[in-house]
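1. Quick check, what structure comes out for this input:
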Amino acid sequence: MEKSLDCPEFLRLGITISYAIVIALSIYASKSVFIPFYSIPTNILSATVLFYGIFIILTSWIENYLLTQKYQYKGKSGIGRFIIELGILFLFYYIIVAGTIHNHDYLIPDVYLFVTPIIFLLFTLEDVLRIRDYGDDFLCKYRDTSRNFLFISVIISLSYLAEIYATRFQSFGSLAFYRDLIFACISLALIIIYVVMRWRQFNLHVTHP
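-> Got it, this is the predicted structure:
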């Protein structure tokens, strides 16, 4: 007997499973930095990047769950959103890898040079697809927030490039470490502010639809 497959439900389930896999991999990878606890100060740069990765994964999963309760995947835009979500999840995992692989500090600058701006770009594109499907004013505010933070993340990326260029790519030792730590903290602060603003907008929408 043939069974019909509800495409929106299938896509939602696929994203849920994908988030579960990435979260599980992140928890497993974090033991090399967070266990034992007293090792965190000696791995403060990796710990900051790793915390950034875990924070963005968990909050994005919660937000995705809340939004898909109202804005289902549907039509061609639904497939597009599904593909974008998979791209976002890959970038989330990239952050985890950058923060947990020892002796590969060259991966960490990728987080604020490329990964964070691309994440905000994909966030913006996903919001645009939701607007095309639903035309909700609330989603327009979401899109504007993502777009604004995309602009800020690009500025951070360019600032990092400018610092490298100013030192003629000769930053090394403690100077490079503190530079990367500062930019990692800025990226972490950026995503925390972004999440707070998005959730505040969502709560206002729920309270005053």
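
2. Just give me the neighbour total for residue 149.
-> Per other Cβ atoms under 10 Å, the neighbour tally for residue 149 reads 22. C-beta: built from backbone N, CA, C; applies to glycine.

3. give the contact list for the residue nearest to the spatial centre of the chain.
-> Computing the C-alpha centroid of the chain and ranking residues by Cα atoms, centre = their mean puts residue 56 first, at 4.8 Å. By Cβ atoms under 8 Å, 6 or more residues apart in numbering, the contact list for residue 56 reads 92, 95, 119, 191, 195.

4. For the strand or helix carrying residue 99, which helices and strands make contact with it?
-> If you go by DSSP states H and E, residue 99 is part of helix 75-100. Contact here means 3 or more Cβ pairs under 8 Å, 6 or more residues apart in numbering; DSSP states H and E; on that basis helix 75-100 packs against helix 7-34, helix 44-70, helix 108-110, helix 116-134.

5. Same list (these) but as a markdown table, adding distance to residue 157 and mean pLDDT.
-> Compiled in a markdown table, the helices and strands packed on helix 75-100 are given as follows (distance: least, Cβ to Cβ, whole Å; pLDDT from 0 to 100):
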| stretch | distance to residue 157 | mean pLDDT |
| --- | --- | --- |
| helix 7-34 | 23 | 85 |
| helix 44-70 | 15 | 89 |
| helix 108-110 | 10 | 88 |
| helix 116-134 | 5 | 91 |
